[in-house]
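>>> Below is the sequence, then the predicted model.
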Amino acid sequence: MTWLVPVQITPRFRKTCNLVLTFTPVQNLPPHDYEAALRMAGLKAAAYLGELARDVSPNEVKTFETLPIMEGAKKYPDLPRVGYVQMLQSQGLLHDTYVYGVDMKKSITTLINPTEIFDGAIISGNCVSACDKNTTYHHQNNPVILDLFEEHGKTLNFVGMIITNENVFLADKERSSDWTAKLAEYLSLDGVIISQEGFGNPDTDLIMNCKKVEQKGIKTVIITDEYAGRDGTSQSLADVDASADAVVTGGNANEVITLPKLDKIIGSLDCVDKMAGGFENNVLSDGSIVVELQAIIGATNELGFNRLSAR
Amino acid sequence: MVKEIERAGIPVVHICTVTPISMTVGANRIVPAVAIPYPLGNPNLTLEQEKQIRKKILDTALEALSTEVDGQTIFEVKW
Amino acid sequence: MAKVRVVHYINQFYAGIGGEEAAGHVAELREGALGPGAAFTVAFGEEAEITHTIICGDSYFNENVDVAKEAVLNFISQTKPDLFIAGPAFNAGRYGVACGTICEAVAEKFGIPVITGMYAENPGADMFKEKIYIVSTKNSAAGMRDAVPKMVKLALKMVKEDRIGASIEEGYIPNSRRVNFFDQERGSKRAVNMLLAKMAEKPFTTEFPMPDFDRVAPNIPIKDISSATIALVTSGGIVPKGNPDRIESSSASKYGEYDITNVMDLTEATYETAHGGYDPVYANQDSDRVLPVDVLREFEKDKKIGKLHHKFYTTTGNGTSVKKSQEFALEFSHKLINDGVQAVILTST
């Protein structure tokens, strides 16, 4: 029995018109090449479709403002200065992110304008585990940026954005988090929201970012998700610190759900028992599929895209 | 797992890249590894060079197992 | 549909017997509802009824726990309820501890749903919140009107075996079991609001309180490593090629035990990784990068170690819960001890 109806898990995608591409790789295609081919094909298809809308008039026009530092400080002298630190997955095959085409694992923590994200500056190259990976769609509709803009000029001054990575070397984690804290201080921020991507060893990047920013006297709120085991009693994060006292969670990714049998499947069910969140014989005789929330893309999104949470 | 092995009475050394997690979960003897996908190796080097890396890390691990510690200790590899 | 049979436990004060001077009141069983039982009866409506009330003095219970417990459990045997409720105790410490103790005992012996209510700071709350549901109440009997409907709603859900939601939805005192639910706002909005409150030094509640970690004392070092038997364990998911036991790429439900007698080196043809949380290419090319069998075999030859144990233990650390990994390690640690292994090298990715 399941309380979590699949359409509730990623409600946005039930409303979008989704074009699904399926591929057949040539024999013995090395995995890195396979991934790159799929990613490029997706981008080409997106560019082709986007081109069709070039001259369409929008239904709604919203204006976003990111002022140069001095102007912004003059315009909003009494509002708290807030920044957004976005952590990006950068751990290799099916765990990468690209910023203007640059592999984020090769980048130093840096500044970017929030609206550049809407324009597609950040492209996803990752989907494992699916639940807390940001698709390019999530990036272009980043809810932290949208909600900060909503308050900009009213309750806070949304000064700007810092992007940082989650590399596989300890020295990189130290360097990237040192830079995050340094830039936050340089921008004279009063507070930051830090969103994670992924879990496990990136929990260390998250906690390092949080600790070091707090040590500068800047208040943090972190957005993460949890791996608390199927019964919810296991420790949710691999790394913790007392200074992480303001946490928003996207939910426990280990919760087990049942996907009902569907009449049509686009693509294949081949890897459903091997993918992260799946397990042996999880396709039942009646055609339904038992998986952890982990297997569903966007389910526990750490940009705070969803209303799912846990206590 | 490290803590349970220790709790069972077997001295254990944890070779891992993200030493802060090892510290958080309570390992007592910790040796830092090279990188997450290849803790005891480096695909950019030759096999012989990789084996040298493995040797150095494992020597440090053996040293850790032979050393008295009174709390969590990171044994740095002497490159 | 038969009405759910309920037995209600209260103390001497709520039974109208007396205050402190009556706290030594011996446990007794009465028919029907008494004291706050009336409010519960109204809230239960047609669905349930309090068939009996058990009264026990708070001092009597706490000073004679075993005798009092046994008496109450006997009453339960006699009355055969479908549901047991205690209190609510609000901020009364002895009463809270008594309610918690007796609820736990009833649940353990009879397997029926149990529920009580307390103020979060009642000592009974911390003692029992992990074992039973405790509805969060105000700190005095003025909170009865608020507590009773919450207790009834949750109790009936338990009886019907409905899914019990998160503490914030159901009104019970939060414990360490994490439960998913849908909040009113999306996460990003909750984060913005939380930050505004934190910067203004206004109160806010974190959605995930940081845990404490227990520590284990280090074992004494190996005196002579050159004669020691060392075993390899890994969370990097190294398995024989083909992953014969189908260890999962994430959230492993099992660990593997594999024999490496006469295996001097792990090759691309013979071993691979099942772990889905890191780029697997390098471990698949040469699993020695994660499980260093090749060099340990050389150490054996060079007499740097006595012996590499002929079995290794493996699971995938990716998203596998701490509890599960603890279970695995507990099990295979026994095997290691029985096999005379003196030390372990555990590798992680």
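Ah, there it is. Everything quoted here is computed from the prediction, not taken from an experiment.
>>> Give the residue spans of chain B that score low on pLDDT.
The model of chain B has no residue with pLDDT under 70.
>>> Check which helices and strands the helix or strand where residue C:73 lies is in contact with.
The secondary structure element spanning residue C:73 is helix C:65-79 (assigned by DSSP states H and E). Other helices and strands packing on helix C:65-79, by 3 or more C-beta pairs under 8 Å, 6 or more residues apart in numbering or on different chains; DSSP states H and E, are strand C:4-10, strand C:28-31, strand C:48-55, helix C:93-110. Where C-beta positions appear, they are placed from N, C-alpha and C, glycine not excepted.
>>> Out of the ones you listed, which gets nearest to residue A:232?
Residue A:232 sits nearest to helix C:93-110 of all these, at 18.8 Å, using C-beta to C-beta.
>>> any idea how far the helix holding residue C:73 is from the chain center?
Distance of helix C:65-79 from its chain centroid, counting by C-alpha atoms, centre = their mean, to the nearest Å, is 27 Å.
>>> Please work out which residues outside it touch it.
Helix C:65-79 has contacts (C-beta atoms under 8 Å, 6 or more residues apart in numbering or on different chains) with C:5, C:7, C:9, C:26-27, C:29, C:51-52, C:54, C:56, C:60-61, C:84, C:98, C:101-102, C:105-106, C:109-110.
>>> Now do that helix and strand C:48-55, the angle between them.
Using axes from the mean of the first three to the mean of the last three C-alpha atoms, to 10 degrees, the inter-axis angle of helix C:65-79 relative to strand C:48-55 is 150 degrees.
>>> what sits against the residue nearest to residue C:245 when sequence neighbours are not counted?
Take residue C:245 and drop its neighbours on the chain: the residue closest to it by C-beta to C-beta, 6 or more residues apart in numbering or on different chains is residue C:256, 5.2 Å away. For residue C:256, the contacting residues are C:239, C:245, C:247, C:313-315, taking C-beta under 8 Å, 6+ apart as the criterion.
>>> Among these, the buried ones, what's the PyMOL command?
The following PyMOL selection, which keeps only the buried ones among those, applies the criterion 16 or more other C-beta atoms under 10 Å in any protein chain shown:
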select buried, chain C and resi 239+247+313+314+315
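>>> and the contacts of residue C:256 as CSV, adding pLDDT and secondary structure?
Converted to CSV, the contacts of residue C:256 look like this (pLDDT from 0 to 100; DSSP: H, G, I helix; E, B strand; the rest coil):
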residue, pLDDT, secondary structure
C:239, 95, strand
C:245, 92, coil
C:247, 89, coil
C:313, 96, strand
C:314, 94, strand
C:315, 90, coil
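>>> The strand or helix carrying residue C:40 packs against which elements?
Secondary structure here is read from DSSP H and E; on that basis residue C:40 sits in helix C:37-44. The helices and strands touching helix C:37-44, judged by 3+ C-beta pairs under 8 Å, 6+ apart, are strand C:4-10, strand C:48-55, helix C:144-159.
>>> now with 10 Å?
For helix C:37-44, the elements it packs on are strand C:4-10, strand C:48-55, strand C:83-86, helix C:144-159, judged by 3 or more C-beta pairs under 10 Å, 6 or more residues apart in numbering or on different chains; DSSP states H and E.
>>> Go ahead and measure how far the first one is from the middle of the chain.
For strand C:4-10, the gap between its own C-alpha mean and the chain's C-alpha mean amounts to 26 Å (C-alpha atoms, centre = their mean).
>>> Could you tell me which residues of chain B lie near chain A?
Applying C-beta under 10 Å from any C-beta of the partner chain, we find that chain B lies next to chain A at B:16-25, B:32-39.
>>> Which ones among those lie within strands?
With strands taken from DSSP state E, the overlap with those comprises B:16, B:32.
>>> so does the host helix or strand of residue C:191 get close to chain A?
Following DSSP H and E, one finds residue C:191 within helix C:187-199. Yes: Helix C:187-199 is in contact with chain A by C-beta under 10 Å from any C-beta, via C:187-199.
>>> Type out the PyMOL command that picks the buried ones from those.
One line in PyMOL is enough to select the buried members of those, burial here meaning 16+ other C-beta under 10 Å:
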select buried, chain C and resi 187+188+189+190+191+192+193+194+195+196+197+198+199
